[in-house]
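Participant: Following is a predicted model, sequence given first.
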Amino acid sequence: MSVAEPPKWINRLLEKYCAPSELEEVQGDLYEAYQWRLAERGKWRANWLFIIEALRMLHLHRNRSTHKNTMTVMLYRHYFKTGFRFLKKNSLYATFNIIGLALGISFCWVAYLYTQDEMSYDQYLPEHEKMYRIVMDFQPDDQMEYIGGSSHAMSVTFEESIPEIAKVVKLQTGRGMILTDREPIRQSYLLADQGLIDVLQLSFIEGTSGAFDQPNDVIISETLASKLNLMGRAADETLSIVDGEESLDVIVRGVYRDIPLNTSVRSDMIISYANYVSRASERRLTSWFDINMNTIIQLHDAGTKSSVEQKMNGISQASDDELGNKATLGLQPLSEIHLDNAYGHYNGIARGGNVGMMKLFAAIGLFCLVISMINYANFNISLYTHRTREVALRKVLGAQRSGIFYQFITESILSCLIAGVLALVILLLILPYFSDFVSKHYDLSYLINFQFMGGAAFILFATAIISGVYPALVLSKFAIVKSLKGEQKIGAGSWITQALLGVQFIIATALIAGVLTMNDQVNYLSNFDTKVNYDNVIYLDNIPGEEPAIRQFVTAVNQMSEVSDVAAISGYNGTRITEGDYQFGLRHLRVHGDLINLLDISLVEGRNFRENIISDKTQSIIVNRAFVKSMNLKQPIGAKVPFNYGDLESPTIIGVVEDYLFLSAKNKVEPLVIYQSEEYPLQSAYIKLNDNASFDKEKLETAWRAHFDPFPFEHSLLEDYYQLAYAAERQMIQLVGLGCMVAIFLAAMGLLGIVGLQLVHRLKEISIRKVLGANAQSLYRVTSQGYLRVISLGLIGGLTIAYALINSWLENYPFHIEFGTKIIGISVLITLAIALTTILIQVFKVIRSNPIRYLRNE
Amino acid sequence: MELIGSLEEIVLMILLSKDSIHSVDIAKEYHEALEKNISIPAIHVVLKRMEKKGWVKSAFGEPTAERGGRRKRLYRATAAGYNVIQELHSAKTKLWGDITKPSLQYVSS
């Protein structure tokens, strides 16, 4: 007889799944046939046939009796039942546990929803992997600038001369007021080629875009159509759009279905790009580096990206030999635009994502989940005393270790399912607030889709498995006899439990320190000495209308009795001085009226502008200290500056002002030039009220209406306007603060539970100590020592991590506070206070108990 | 008359020709008679079906070495099985009698 044996695993498979009554025949027949074929047709063929036939046998002789299945079902039903009873019996801990898990899971879900949405931008567009935006790395001096834009000339030239490019979409934005019978509607719009309609796959519910090549062609979205009350009769309707002095009449060609929110190029109104071409000057259309628009290109083949980039740079260098060498053109994949803040989001690209916020969300969601998972594991291990006998009895009755392991995993799945239901409720409750918070429009449709539900289910079950494995391993290890005698110990202070507790406190401390620092930093910034007196100053931004109207308005307001002063400004525009040794960026400001006096800006040297000196209007400038420093001027007054702008030609400095804060304290004060020349249009105005005058909004609004009707009157206090700059930071504080609170709550809950449970083991010890005369104080010390050690280690760990993270955050701000003793002290105090109170609550209960009760047992 | 599949017919005839036989031997007999291979599960299917119809009966034999010490399940045809085959066979013979042999009508393929 041959020594060859058929594959063993097949036999095991047969043993497991074949009907027992038929197993012997099946195995025997297969074996015999195997030997026969081995002799006749060789080993390989015999093996192959053996496997094939065995699998067919498996089906043919499968175990039809439901006996085994019902056993499994019964077993799991039993597991669930004991699980439920256990939860019911320890309802307090179970509630802690499940609420903790629910909070952790729902936070994690929200974070998942947010990150998933942010990362989904433009991914749905067909062929998005072949689409790019032209960007530019511009290096005029030692500093690199990243510019997300291109010029009209570039897009036209590239489309003509690079054959790899399949499609070019030129993009620009504009905004204005659409005039209606009622209130005008403020609306921003895109100026774009026909190509955009193909790229975005717009579908029309009324009319079509047509050729979309006439300057007055416009298409609008469903939303805008219904806002304008044009649903169903929009085609060929004329819309008048007014922006300042310009007005524009366009004819609606079609109404398209709203563009999905996760699109980088989206607007409710798209005007033909021909409109821009018809209005723009020759210079704007031909100048190579007139960067004022975006170009989206689609390649025939994504593989040609680098060669297209090369060609683009070749053409660019040939077209402008002065700047061409300083600028490197590149292609940024369309789907990366949303989360890439380096190149910015403007000229037709919707507001970008906040990567920092996204990471923060993900981190906090994960932290909360980790803390609640640790709570779950620690609770279950600490509750083991209640279950040693149960486990031992199961083992006596023949349960195997794996069976008991599965029992505890089932229980953790049960807890997680209950927590999941609760988490869903929490999610539905917080979703509206959350979507407001991150300025999104999250609704149910974001939750009811395959991707989210899949991810959410994954998070839920991963939580169940991860939090269940450790307790299940520990609990299934009990020795039978010891457990039955009640002697089974896993060491009340098992190091894993301690380590897990430590991790919770690391997270909690780091978050507390983080919130404290952020709070201090924002307070520091918002109370920063701006060197501007903004008491009683009202700020009007974005004044529409032409120069004469604004001048008249300023004069009219100035005549009001409650107004002490008015000044209009152009806005702090940026430019560069590039003359000889001077290479630096600066801001420049046109003023109309006495701004320096109005804002109480102190003059360090020289004088203010004077009405009666004509040359002040065209040949004089006032600069700030930073400017003097950048120019390295010993004698600033009277110095001529190479700042040639509009009428100004090498103007003379007549005064130097303090480095007052004109933007926000998040940046250093840049060099500034103030002039009166009328190069730049006026845009904003400051109105200073008399000290004891009350602000009469009606009166101001009447004056506004007289000059700028129909534009609505919008105003803010200058102080509030300054504070707006820190809105993002405040939002971050809210978020981290909330995460911090949940984390602390969870960690405290975990501590409360674990201390209580571990003290149960020490009841006898404490009772004996009491009988022997220990006082409360020494008992506190004895019982809380162990925890204090863990918490101290957690504190140190947390503070170390916080130190590193917070310092790297603070470095973003030129003016910042120090992460020093104050923050460390307060974090330590808060953590210790919470931890100690939690411990003492439990210890106090034990110490007050009657020692006889626990000593009587033996 | 009960309908019978062709594989059933052959297996039943093999069973009738032997005293009692197990499935691997049936496969060997089949191979010899028809010079075609057949898989063991195919035979199991047929045997099970015929057992249900009452044409065959089975019983365990003695354990043997070539089966790795397992017992054979030996099958034996019943009287009902014999009757089915006999009926089928006479019907077929009758049909065969009506065919003109040999004939030029047959299309050569």
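Facilitator: That came through fine. Being a predicted model, the structure only gives us computed values, none of them experimental.

Participant: Can you show me the strands along chain B?
Facilitator: B:56-64, B:70-77 (DSSP state E).

Participant: from the middle of its chain, how far away would the first one be?
Facilitator: To tie it back to what came earlier, the one meant is strand B:56-64. On the basis of Cα atoms, centre = their mean, to the nearest Å, strand B:56-64 sits 17 Å off its chain's mean C-alpha point.

Participant: now the angle between strand B:70-77 and that strand, please.
Facilitator: In terms of direction (axes from the mean of the first three to the mean of the last three Cα atoms, to 10 degrees), strand B:56-64 departs from strand B:70-77 by 150 degrees.

Participant: what lines up beside strand B:56-64 in the sheet?
Facilitator: strand B:70-77 (antiparallel) (DSSP bridges).

Participant: can you pull the buried residues of the strand it pairs with?
Facilitator: B:70-75, B:77 (16 or more other Cβ atoms under 10 Å in any protein chain shown). Every residue, glycine included, has its C-beta placed from N, CA and C.

Participant: Quick one: residues in contact with it.
Facilitator: Contacts to strand B:70-77, defined as Cβ atoms under 8 Å, 6 or more residues apart in numbering or on different chains, come from residues A:24-25, A:27-28, A:31, B:12, B:15-16, B:19-23, B:26, B:47, B:51, B:55-64.

Participant: Over to stretch A:561-569?
Facilitator: Applying Cβ under 8 Å, 6+ apart, the set of residues contacting stretch A:561-569 is A:543, A:550-551, A:554, A:557-558, A:589-595, A:597-598, A:682-690, A:693-696, A:699.

Participant: I'd like to know how many residues surround the spatially closest residue to A:Phe86 that is not a sequence neighbour.
Facilitator: Spatial nearest neighbour of A:Phe86, chain neighbours left out: A:Glu411 (6.9 Å); criterion: Cβ to Cβ, 6 or more residues apart in numbering or on different chains. Residues within reach of A:Glu411, counting by other Cβ atoms under 10 Å in any protein chain shown, total 23.

Participant: following the helix or strand where A:Glu411 lies, which helix or strand shows up next?
Facilitator: Using DSSP states H and E, A:Glu411 maps to helix A:401-437. Using DSSP H and E, the helix or strand that follows helix A:401-437 towards the C-terminus is helix A:444-447.

Participant: Now do whatever helix or strand comes next after that following helix against helix A:401-437: the angle between them, please.
Facilitator: Next along the chain after helix A:444-447, taking DSSP H and E as the criterion, comes helix A:450-475. Interaxial angle of helix A:450-475 relative to helix A:401-437 (the same axes, to 10 degrees): 140 degrees.

Participant: Buried residues in helix A:450-475, which are they?
Facilitator: Buried residues in helix A:450-475, defined by neighbour count with 16+ other Cβ under 10 Å: A:452, A:455-456, A:459-460, A:463-464, A:466-468, A:470-472, A:474-475.

Participant: which helices and strands does the helix holding A:Glu411 pack with?
Facilitator: helix A:67-89, helix A:91-119, helix A:355-382, helix A:388-396, helix A:450-475, helix A:727-760 (3 or more Cβ pairs under 8 Å, 6 or more residues apart in numbering or on different chains; DSSP states H and E).

Participant: how many other residues sit next to residue 60?
Facilitator: Answering for chain A, as no chain was given. That count, for A:Leu60 with other Cβ under 10 Å as the rule, works out to 18.

Participant: that's the wrong chain, I wanted chain B
Facilitator: 14.

Participant: That one pairs with what?
Facilitator: Applying DSSP bridges to B:Phe60 yields these beta-bridge partners: B:Arg73.

Participant: coming back round to it: tell me the angle the helix holding A:Glu411 makes with helix A:388-396.
Facilitator: 130 degrees.

Participant: Helix A:401-437: how far from the chain's middle?
Facilitator: On Cα atoms, centre = their mean, the centre of helix A:401-437 falls 24 Å from that of its chain.

Participant: quick one, it and helix A:67-89 angle?
Facilitator: Using the same axes, to 10 degrees: helix A:401-437 against helix A:67-89 is 60 degrees.

Participant: what about chain B, any weak spots by pLDDT?
Facilitator: Across chain B, the ranges flagged by pLDDT under 70 are B:1, B:103-109.

Participant: pull the longest helix from it.
Facilitator: Taking DSSP state H as the criterion, chain B has its longest helix at helix B:79-97.

Participant: outside of that helix, which residues touch it?
Facilitator: With Cβ under 8 Å, 6+ apart, helix B:79-97 has contacts from B:1-2, B:4, B:9, B:12-13, B:15-16, B:50, B:53-56.

Participant: Which one of the residues you listed is nearest to A:Gly820?
Facilitator: Set against A:Gly820, the nearest of these by Cβ to Cβ is B:Met50 (92.4 Å).

Participant: The closest one and chain A: what is the separation?
Facilitator: 14 Å (Cβ to the nearest Cβ, to the nearest Å).

Participant: Check whether that residue really touches B:Val56, as I assumed.
Facilitator: Yes: contact criterion Cβ atoms under 8 Å: B:Met50 and B:Val56 qualify, at 4.8 Å.

Participant: Which residue is the nearest non-sequential neighbour of the residue in the stretch 51-200 of chain A that chain B sits nearest to?
Facilitator: Closest residue of the stretch 51-200 of chain A to chain B, Cβ to the nearest Cβ: A:Arg56 (4.0 Å). Nearest residue to A:Arg56 in three dimensions, chain neighbours excluded: B:Pro41, at 4.0 Å (Cβ to Cβ, 6+ apart).

Participant: Pull the contacting residues for that neighbour.
Facilitator: A:53, A:56-57, A:60.

Participant: got CSV for those residues, with secondary structure and pLDDT too?
Facilitator: Formatted as CSV, the contacts of B:Pro41 follow (DSSP: H, G, I helix; E, B strand; the rest coil; pLDDT from 0 to 100):
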residue, secondary structure, pLDDT
A:Glu53, helix, 88
A:Arg56, helix, 87
A:Met57, helix, 86
A:Leu60, helix, 83
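
Participant: Reformat these as JSON lines; add distance to A:Val481.
Facilitator: Below are the contacts of B:Pro41 laid out as JSON lines (distance: Cβ to Cβ, whole Å):
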{"residue": "A:Glu53", "distance to A:Val481": "49"}
{"residue": "A:Arg56", "distance to A:Val481": "49"}
{"residue": "A:Met57", "distance to A:Val481": "45"}
{"residue": "A:Leu60", "distance to A:Val481": "47"}
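
Participant: most surrounded residue in those?
Facilitator: For the contacts of B:Pro41, neighbours tallied by other Cβ under 10 Å; top is A:Met57, 25 neighbours.

Participant: show me the contacts for it.
Facilitator: A:14, A:18, A:26, A:30, B:40-41, B:44.

Participant: Same question for A:Asn378.
Facilitator: Counting by Cβ under 8 Å, 6+ apart, A:Asn378 has contacts A:497, A:500-501, A:750, A:753-754.

Participant: Kindly report the same for A:Thr831.
Facilitator: With Cβ under 8 Å, 6+ apart, A:Thr831 has these contacts: A:505, A:508-509, A:512, A:791, A:794-795, A:798.

Participant: Brilliant, that's me finished.
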